[in-house]
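J.: Fold the following, please.
(2 chains)
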2 protein chains.
Amino acid sequence: MFGSADSLITIDLDAIAANWRLLDGLSAPATMTAGVVKADAYGLGADVVAPRLAAAGCQLFFVMSLDEGVELRQNLRLAGFDSLPIFCLSGCHAGQEDAYLAHGLSPVINDLGQVARLGMLARRHDVAIPAALHIDTGMTRLGLTPHETDWLIEHLQDGANALDGIELVYLMSHLSSAETRNATSNGQQLAAFDALRPFFPKARASLANSGGVLLGPSFHFDMTRPGIALYGAHPAGTSVTGVTGEQTAALQPVVRWDARILQLRHASTGEVVGYGGTHILTRDSLIATIGVGYADGYPRCLGGIASAQIDGHNAPIIGRISMDSMALDVTNIPEATIRAATAARLLGPDYDSSMMARDAGTISYEILTGLGRRPAWHYLDDS
Amino acid sequence: MFGSADSLITIDLDAIAANWRLLDGLSAPATMTAGVVKADAYGLGADVVAPRLAAAGCQLFFVMSLDEGVELRQNLRLAGFDSLPIFCLSGCHAGQEDAYLAHGLSPVINDLGQVARLGMLARRHDVAIPAALHIDTGMTRLGLTPHETDWLIEHLQDGANALDGIELVYLMSHLSSAETRNATSNGQQLAAFDALRPFFPKARASLANSGGVLLGPSFHFDMTRPGIALYGAHPAGTSVTGVTGEQTAALQPVVRWDARILQLRHASTGEVVGYGGTHILTRDSLIATIGVGYADGYPRCLGGIASAQIDGHNAPIIGRISMDSMALDVTNIPEATIRAATAARLLGPDYDSSMMARDAGTISYEILTGLGRRPAWHYLDDS
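T.: Now for the predicted structure:
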């Protein structure tokens, strides 16, 4: 099962495709559903995930950096998808202009400086550069500020055509609290976005991340941009209630993580386990050391908190998690079961990235993007 | 500076080599100093770090998994270091025997099952298999238990030669609390290890990790195995006091991390920053959004806690850290400085992995092994 590695991460590509179809089905047929594959497809491998999404019907992708865009362009091309639009959320920075053109990438414009630079580029090459314009409606992160937006609108209306050379494919904004259904900011951001759309009549509109897709049709516009939900996790984590509960249940689990049992050993009452000797055994114990540590992306803070599963039995992590291994208390597991076992499950449908995130005081996004590259990675694909 | 990436991690290979020489100089000339490059050289890139250590004089390496051993063997060979011993701490598991032989890797034997399996392998191929024997003296993690050790010694003394076919190059154990100079476990583990050595007269002895090297000559034996200190961090983190203080000061810093400023913008009193709108501005502010987020390995929990440095000025992180970016409050930085700046420093001599770890409630080891692969990586090498 593990070959020359000490653990195995299994990614169900069919589940990712099914989740994309599910999310796509929540919006109207005319609404396009993009695939957000930034950060290496949320840590799961954009080189494999993106072509599978394309095969499922996804026709538009988002990454963050130019680097990610170049790599995605190459991988899509290798998979036979030659001309799908790729938008880079980071925007086009000084010195990157030629690479954007060469690789057919579309920048998401975040400020007026980029508007000016892309306009000059367009005129120099006598082309229209397809781009999205990101308007900030309440994240205070990326995107044009209200002042910049006002300036731009003014200089579109006065005939100056401030967007000369730019083919404005999408007008977009980003929700700060979409995972919270009743957050007042959702309605405020929606209203602010709606108010701006008439000034950009040719641009299609996009506002919804995963949480936004689940907020309902008024948030969908012409294109949605789900990310985390594609990968089987609800944006609200384990605190999902009400209407979205059903939608969570419908998301298919994507990630499994199994670790090799490196060693099974007895230890006596009073012996201490792991670095710092923080865990003192209060009974004679059977301990399984498994081949995953924090260097593989398992959060170190979960020592003494989380458990692994061995053939359906709970095996609590005891002591501090090491860089390459951790100790499980398997005393309560029937002798025959534990002697026959070779693997312990760290992530799966019964304990998923959202539950791990809850226990680690973070969000599933950080768990997934933190998965290491030392484990063996296997992709399920029945398509 | 950043090319097509949004941040740049710079690794000073000369500093790593200097740290190795420093640590090597702390032990007697006859004591060998290995290079521990498991977990991709603590996240810094074993393919580059290990050959640089070999060039500095390091003649012995430790990795964890067979996978890591195979890759290291190939990289050392490519760099012209053909026959340096590589020990795999994970041990030789069922089905891995032929790969160990084929790649000239040496297992660290962790239990009697491995002793038996390697013995059979040796007889089948009529060779002696070089290996290290790991005896547990108080970690309760990997290594032979006291019972197993007693059994083995008994079956060496009764003429049965339980280690038949195994060339026992090293007898080793591992310290649980070496970073704490006055931990009673250090002396206890040392005594237990010393008591066992006479039963394995042909094997050289090794006990010390980085912390053990700093504990002094009685812990050094024939070979030391420093890891974290090579990479510029003291095993005791920021709580170093007394004698080891000088040694910490002597460790050269290895890692720098700089992020592209994606956008500079004004925001007004009362506006909220980032996901969840958790940060409310209490003054009109200038905000820099930079191209690093938790997907790059920057701990998400540091939002609202840590700072970046821009040309020597402090720039606190405000609001939640996003997957691909974070917001810095740069209001206090002189206008001319911030307008001219293109980068913010996240890690460097002034705020190193130990300080980041302290702020994130973890250890430098988890910070380093968590560094992402999306940033551009640059290696300094003046050798």
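J.: which stretches of the stretch 101-250 of chain A have low pLDDT?
T.: Residues of the stretch 101-250 of chain A meeting the criterion pLDDT under 70: A:240-249.
J.: Which residues of it lie near chain B?
T.: Within the stretch 101-250 of chain A, the residues that sit near chain B (C-beta under 8 Å from any C-beta of the partner chain) are A:110-111, A:138-142, A:145, A:147-148, A:176-177, A:180, A:185. Where you see a C-beta, it was placed from the backbone N, CA and C, and this is true even at glycine.
J.: What's the ChimeraX line that selects buried ones from those?
T.: Remark: buried members of those, expressed as a ChimeraX selection using 16 or more other C-beta atoms under 10 Å in any protein chain shown:
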select /A:110,111,138,139,140,141,142,145,148,176,177,180,185
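J.: Chain B: which of the residues of the stretch 101-250 of chain A next to chain B is nearest?
T.: Using C-beta to the nearest C-beta, A:Thr140 comes nearest to chain B of these, at 4.3 Å.
J.: any idea how far B:Asn186 is from that closest one?
T.: According to C-beta to C-beta, to the nearest Å, A:Thr140 stands 51 Å off from B:Asn186.
J.: for A:Ala376, same thing?
T.: Here A:Ala376 is placed at a distance of 36 Å from B:Asn186 (C-beta to C-beta).
J.: okay, these two: which has more neighbours?
T.: B:Asn186 (23 against 19; other C-beta atoms under 10 Å in any protein chain shown).
J.: Isn't that one up against B:Leu175?
T.: Yes: applying C-beta atoms under 8 Å, one finds B:Asn186 in contact with B:Leu175, separated by 6.3 Å.
J.: what are the ranges of the strands in the stretch 101-250 of chain A?
T.: Secondary structure of the stretch 101-250 of chain A (DSSP state E, counting those that start in this stretch): strands at A:106-109, A:129-134, A:166-172, A:204-206, A:223-224.
J.: Of these, which is nearest B:Leu84?
T.: Closest to B:Leu84 of the strands of the stretch 101-250 of chain A, according to C-beta to C-beta: strand A:106-109, at 47.5 Å.
J.: returning to that earlier point: can you put the residues of the stretch 101-250 of chain A next to chain B in a markdown table and add distance to A:Tyr275?
T.: A markdown table is the format used below for those (distance: C-beta to C-beta, whole Å):
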| residue | distance to A:Tyr275 |
| --- | --- |
| A:Asn110 | 44 |
| A:Asp111 | 47 |
| A:Gly138 | 44 |
| A:Met139 | 40 |
| A:Thr140 | 41 |
| A:Arg141 | 38 |
| A:Leu142 | 41 |
| A:Thr145 | 48 |
| A:His147 | 53 |
| A:Glu148 | 51 |
| A:Ser176 | 39 |
| A:Ser177 | 39 |
| A:Thr180 | 39 |
| A:Ser185 | 43 |
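J.: Helices - which of the residues of the stretch 101-250 of chain A next to chain B land there?
T.: Here DSSP state H is the test, and these give A:147-148, A:185 as lying in helices.
J.: Where does the stretch 151-300 of chain A get nearest to chain B, residue-wise?
T.: At 3.6 Å from chain B, A:Ala295 is the closest residue in the stretch 151-300 of chain A, using C-beta to the nearest C-beta.
J.: so who does that residue touch?
T.: The contact partners of A:Ala295, by C-beta atoms under 8 Å, 6 or more residues apart in numbering or on different chains, come to A:323-324, A:372, A:374, B:38-40, B:42-43, B:365-366, B:369.
J.: Surely it is within a strand?
T.: No: looking at A:Ala295 with DSSP: H, G, I helix; E, B strand; the rest coil, it is helix, so not inside a strand.
J.: That one and B:Tyr42, how far apart?
T.: According to C-beta to C-beta, A:Ala295 stands 8 Å off from B:Tyr42.
J.: just the residues of the stretch 101-250 of chain A next to chain B now: which is nearest A:Arg77?
T.: A:Asn110 (26.8 Å).
J.: The closest one touches A:Leu142, doesn't it?
T.: Yes: between A:Asn110 and A:Leu142 there is a contact under C-beta under 8 Å: 4.5 Å.
J.: Pull up the residues of the stretch 251-383 of chain A that are close to chain B.
T.: A:260, A:262-263, A:265-267, A:271-277, A:281, A:287, A:289, A:291, A:293-295, A:297, A:300-301, A:319, A:322-325, A:327, A:361-363, A:365-366, A:369-370, A:372-374, A:376.
J.: What subset of these is buried?
T.: Members of those classed as buried by 16+ other C-beta under 10 Å are A:260, A:262-263, A:265, A:267, A:271-275, A:277, A:281, A:287, A:289, A:291, A:293-295, A:297, A:300-301, A:319, A:322-325, A:327, A:362-363, A:365-366, A:369-370, A:372, A:374, A:376.
J.: Just give the closest residue to A:Ala340, not the sequence neighbours.
T.: In space, and not counting its chain neighbours, A:Ala340 is closest to A:Asp311: 8.0 Å by C-beta to C-beta, 6 or more residues apart in numbering or on different chains.
J.: List the residues that contact the one you found.
T.: By C-beta under 8 Å, 6+ apart, A:Asp311 lies in contact with A:333, A:337, A:340-341.
J.: mind putting those in CSV, neighbour count and distance to A:Gly95 included?
T.: Below are those laid out as CSV (neighbours: other C-beta atoms under 10 Å in any protein chain shown; distance: C-beta to C-beta, whole Å):
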residue, neighbour count, distance to A:Gly95
A:Ile333, 20, 58
A:Thr337, 13, 60
A:Ala340, 10, 59
A:Ala341, 17, 54
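J.: biggest separation within those, which pair?
T.: Taking C-beta to C-beta, the two most distant members of the contacts of A:Asp311 are A:Ile333 and A:Ala340; they sit 10.5 Å apart.
J.: Please give the number of neighbouring residues around A:Thr238.
T.: A:Thr238 has 15 nearby residues by other C-beta under 10 Å.
J.: Cross-check the contact I'm expecting between it and A:Met356.
T.: No: using C-beta under 8 Å, A:Thr238 makes no contact with A:Met356, being 9.8 Å away.
J.: picking up where we left off before, which neighbours do A:Ala295 and B:Tyr42 have in common?
T.: Residues within reach of A:Ala295 and of B:Tyr42 at once, by C-beta under 8 Å, 6+ apart, are A:323, B:365, B:369.
J.: Which secondary structure state does the second one sit in?
T.: Meaning B:Tyr365. Applying three-state DSSP: B:Tyr365 is helix.
J.: Quick check: it touching A:Tyr294?
T.: Yes: B:Tyr365 is within contact range of A:Tyr294, at 7.4 Å (criterion: C-beta under 8 Å).
J.: Residues that sit against both of the two, list them.
T.: Taking C-beta under 8 Å, 6+ apart as the contact rule, B:Tyr365 and A:Tyr294 both touch A:Met323.
J.: Need the three-state assignment for A:Thr269.
T.: coil.
J.: swap in A:Arg265?
T.: Following three-state DSSP, the label given to A:Arg265 is strand.
J.: ok, it - contacts?
T.: Each residue near A:Arg265 by C-beta under 8 Å, 6+ apart is listed here: A:286-287, A:289, B:111, B:140, B:145, B:148.
J.: bridging residues for it?
T.: Here A:Arg265 sits in beta bridges with A:Ile287, going by DSSP bridges.
J.: Am I right that A:Ala46 is in contact with A:Asp40?
T.: Yes: using C-beta under 8 Å, A:Ala46 makes contact with A:Asp40 at a distance of 5.0 Å.
J.: which neighbours do these two share?
T.: Taking C-beta under 8 Å, 6+ apart as the contact rule, A:Ala46 and A:Asp40 both touch A:Glu68.
J.: Could you tell me how far the spatially most central residue of chain A is located from B:Arg374?
T.: The residue lying closest to the centre of chain A (C-alpha atoms, centre = their mean) is A:Tyr42, at 3.2 Å. For A:Tyr42, the distance to B:Arg374 equals 12 Å [C-beta to C-beta].
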